[in-house]
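Participant: starting from these lines, generate the structure:
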Amino acid sequence: MMLAIERAEGIYLYGKDGKIYRDMISGISVNNLGHRHPNVIKAIKDQLDKYLHLMVYGEFVQDPTVDLAKYLASVLPDQLSNVYFVNSGSEAIEGALKLAKRYTGRREIIAFRQGYHGSSHGALSVMGDEQYKRAFRPLLPGIKLLDFNRMDQVERITERTACVLLEPIQGEAGIRIADNKFLEGIRKKCDDTGTLLIFDEVQTGFGRTGTFFAFESFGVIPDIITLAKGLGGGMPIGAFIASGEIMSVLKNDPALGHITTFGGHPLSCAAALAAVRTLKEDQILDTIPAKENLFRSLLRHEEIREVRGKGLFLALEMNSTERVKKIITKAISKGVILDWFLFCPCAIRIAPPLIITEEQIVEAASIILDSINETRN
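Facilitator: Reported below is the predicted structural model:
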């Protein structure tokens, strides 16, 4: 079903045919503040009147870029203090992998089955599903895939391992939450072997799971974190963040160990700063637990086998892929945008803008249940 959208506001998309759609996927966890949040729009317009692209950042001091980096450092643990801006989540992963290999001098990378980290060459190499990789081989060498939440496999991290890359909550696997002991075991093993731990928070960052970053609820701090999607308030931007000590290795041998033309673009950074400040200052995160509980209380049906997830990052496990497709198609026709997961086609994605109201949740949940009932044989 192709939708021609004329404009968007809040949780709503407005079709050219006059139809109104409720966005329950946030452009895949991008529009955490909804569409065209006034604070974000104002920041974009203010920056438009000053300048757009000037020069590869570092050569020129661009206030929006510097201010955003300072703000991100202020809301992250002290050791995550050095920010490198890029244009997307995939680029953030590419930068993080290069950084880990350069810092450790090692070549082996450990990732996890059913993990998703993007579609560029390096990011695809660490993807945890062969179906999406087969046509593009050969990919990066030295990749070792483990099973998520398997404590018995943590011992496979060794002194040969440059980094361990994982999502604290696997998104495209159908929202699978890491066990605390699993993350703690990986953190300890990385410390023991001198391996860097990378958390991919491209989907889970910026309030999606009820805390500013998902790792906060686990009490495990990574050496490198990758961000994108919800960071930009609807504008394209990504980042990989580490300590100054780790990041400094990109300065020498070669001098330009990692470089980007548009990373840290002033317009995207201005929008991002407005978005993250709004999340923090408007206390939006305080509302997430009640909204999650409301969705869980309403989305009850004999066909829904499980409601899985955390915060406003939920998966409805259904009986089959065929049912999921029919329900999504019906819901869209009734004005609710839903989606599925790359590696879990039997589940429906629920990830609305964090600003959604309780009244809007009740309305959307009712349409979802109607869509389930109206597509039954």
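Participant: contacts and neighbour counts: CA atoms only from here.
Facilitator: Noted.
Participant: where does the closest residue to F212 other than its chain neighbours land in three-state SS?
Facilitator: Once flanking residues are discounted, F212 sits nearest to F206: 4.7 Å by Cα to Cα, 6 or more residues apart in numbering. Here F206 is recorded as coil under DSSP: H, G, I helix; E, B strand; the rest coil.
Participant: the helix or strand hosting V276 packs against which elements?
Facilitator: Per DSSP states H and E, V276 falls inside helix 266-281. On a contact count with 3 or more Cα pairs under 8 Å, 6 or more residues apart in numbering; DSSP states H and E, helix 266-281 meets helix 38-48, helix 63-75.
Participant: OK, contacts around the residue nearest to F212?
Facilitator: 32, 212-213, 230-231, 276, 279 (Cα atoms under 8 Å, 6 or more residues apart in numbering).
Participant: format those residues as a markdown table; extra columns: secondary structure and pLDDT.
Facilitator: Rendered in a markdown table, the data for the contacts of F206 read as follows (DSSP: H, G, I helix; E, B strand; the rest coil; pLDDT from 0 to 100):
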| residue | secondary structure | pLDDT |
| --- | --- | --- |
| N32 | coil | 98 |
| F212 | coil | 97 |
| F213 | coil | 98 |
| G230 | helix | 98 |
| L231 | helix | 98 |
| V276 | helix | 98 |
| L279 | helix | 96 |
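Participant: just the closest of the residues you listed to G142, please.
Facilitator: The closest of those to G142 turns out to be F213 (Cα to Cα; 29.2 Å).
Participant: quick check, that closest one in contact with D200.
Facilitator: No. Contact criterion Cα atoms under 8 Å: F213 and D200 do not qualify, at 10.4 Å.
Participant: so, low pLDDT: which residues of this protein?
Facilitator: Judged by pLDDT under 70, the chain has its weakly predicted residues at 1, 57-58.
Participant: quickly find the element holding the residue nearest the centre of it.
Facilitator: Most central in the chain under Cα atoms, centre = their mean is Q203, positioned 1.4 Å from the mean C-alpha point. For Q203, there is no helix or strand it lies in under DSSP H and E.
Participant: and the closest residue in space to it that isn't next to it in sequence, what are its phi and psi?
Facilitator: Here the nearest residue to Q203 in space, its sequence neighbours aside, is S29; by Cα to Cα, 6+ apart that works out to 5.8 Å. Main-chain dihedrals, S29, degrees, to the nearest 10: phi 60, psi 30.
Participant: ok, S29 - contacts?
Facilitator: By Cα under 8 Å, 6+ apart, the neighbours of S29 are 203-204, 208, 229-230, 351-353.
Participant: pick the one among these closest to L316.
Facilitator: Using Cα to Cα, A351 is the member of those that sits closest to L316, with 11.0 Å.
Participant: those strands in the stretch 201-350 of the chain, which residues are they?
Facilitator: 224-227, 238-242, 306-310, 313-317, 336-337, 339-341, 344-350 (DSSP state E, counting those that start in this stretch).
Participant: pairing partners for the third one, with directions?
Facilitator: It stands for strand 306-310. Next to strand 306-310 in the sheet, as set by DSSP bridges, lie strand 313-317 (antiparallel).
Participant: look up how far A275 lies from E292.
Facilitator: As judged by Cα to Cα, to the nearest Å, E292 and A275 stand 21 Å apart.
Participant: those two: which is more packed in?
Facilitator: Between E292 and A275, counted using other Cα atoms under 10 Å, A275 has the larger neighbour count: 26 against 20.
Participant: so that one makes contact with G34?
Facilitator: No. Contact criterion Cα under 8 Å: A275 and G34 do not qualify, at 10.3 Å.
Participant: ok so, going back, look at F213 and D200 and report which has more neighbours.
Facilitator: Neighbour comparison, F213 and D200: the larger count goes to D200, with 30 against 21 (by other Cα under 10 Å).
Participant: burial check on N31, number of neighbours?
Facilitator: 28.
Participant: ignore what I typed, I meant S243.
Facilitator: 17.
Participant: dump the residue contacts of it.
Facilitator: 79-82, 223-224.
Participant: among those, who's most crowded?
Facilitator: I224 (27 neighbours).
Participant: kindly state the beta-bridge partners for that residue.
Facilitator: I198.
Participant: distance of it relative to K310?
Facilitator: In terms of Cα to Cα, I224 sits 22 Å off from K310.
Participant: now do S125
Facilitator: For S125, the distance to K310 equals 28 Å [Cα to Cα].
Participant: more neighbours, those two?
Facilitator: Shown here are S125 and K310; by other Cα under 10 Å, S125 has more neighbours (26 against 22).
Participant: wait, the more buried one touches G142, no?
Facilitator: No. Assessed by Cα under 8 Å, S125 is found out of contact with G142, at 9.6 Å.
Participant: list phi and psi for G105.
Facilitator: Main-chain dihedrals, G105, degrees, to the nearest 10: phi 70, psi 20.
Participant: for it, give me its contacts.
Facilitator: G105 makes contact with A162, according to Cα under 8 Å, 6+ apart.
Participant: now do 6 Å
Facilitator: If you count contacts by Cα atoms under 6 Å, 6 or more residues apart in numbering, G105 has none.
Participant: so what does the residue lying closest to L140 once chain neighbours are set aside have for phi and psi?
Facilitator: Excluding the flanking residues, the one nearest L140 by Cα to Cα, 6+ apart is S125, at 5.7 Å. Main-chain dihedrals, S125, degrees, to the nearest 10: phi -60, psi -30.
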